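Participant: Starting from these lines, generate the structure:
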Amino acid sequence: MNNQATEQQNVQKEATEQAAIEKRREHLKNESTRIIEIAGNEPYSALKCIHQLSVAGGATEATYIAIEQRIVADQDSAGAYHLALLAQNTPDLPIDARQLIEMVVNKGDNHQRLALLKNLLLPPVDMIKEQVLASNDGDAIGLMNAYLQINPEGYGSQHMLSSGQSDQIVPLSPGN
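Facilitator: Sure, this is the predicted structure:
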């Protein structure tokens, strides 16, 4: 009888866990639908959508694709910066991180470029360097040179932190 009671408890526990998983899945599906709707209908809503995605704790592949399409349609370098950072930490996302990074480098401001330099695991150092130098922004050039002096390969801050050096991860950039 004791084994039967234990087995019944295990079955009940599994059923409860499965119900919780299904409830979570349904919640994510509903949140994804809502976020896709925002991305599809509100110009310059990428940062709002990324925030909502973060609050929801995940989303469907279609959600990430909708956000990327919103970023591309708006040529939103701030949204591109944040989605690229998200993509580097989640390698199986169905987005083209290279396209987003290039958008930040080519259309973003120096603050975003320097943030990419510090926050990407392997940033496109030469592309970033070229754009910062072309801007003739003495402060940004100085910050970039100081950073590259201690990190000439351009490995991101995560590498420097794991190697014992200290650096500050660049916070979220302000939206447009």
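
Participant: helix/strand/coil for residue 43?
Facilitator: Under DSSP: H, G, I helix; E, B strand; the rest coil, the three-state class of residue 43 is coil.

Participant: Report the secondary structure element holding residue 73.
Facilitator: Assessed by DSSP states H and E, residue 73 sits inside helix 61-74.

Participant: I should have written residue 7 there, sorry.
Facilitator: Using DSSP H and E, residue 7 sits within helix 2-41.

Participant: quick revisit: show me which positions of the helix holding residue 73 end up buried.
Facilitator: The neighbour-count check on helix 61-74 (16 or more other C-beta atoms under 10 Å) flags 63, 64, 66, 67, 68, 70, 71, 72, 74 as buried. Bear in mind the C-beta positions are built from the backbone N, C-alpha and C, glycine included.

Participant: ditto for stretch 119-128
Facilitator: Under the neighbour-count criterion of 16+ other C-beta under 10 Å, stretch 119-128 has 119, 120, 123, 124, 125, 127, 128 buried.

Participant: that older thread, need the buried residues of helix 61-74 in a markdown table (columns: pLDDT and distance to residue 14).
Facilitator: A markdown table is the format used below for those (pLDDT from 0 to 100; distance: C-beta to C-beta, whole Å):
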| residue | pLDDT | distance to residue 14 |
| --- | --- | --- |
| 63 | 95 | 29 |
| 64 | 95 | 31 |
| 66 | 97 | 35 |
| 67 | 97 | 35 |
| 68 | 97 | 37 |
| 70 | 98 | 40 |
| 71 | 98 | 41 |
| 72 | 97 | 44 |
| 74 | 98 | 46 |
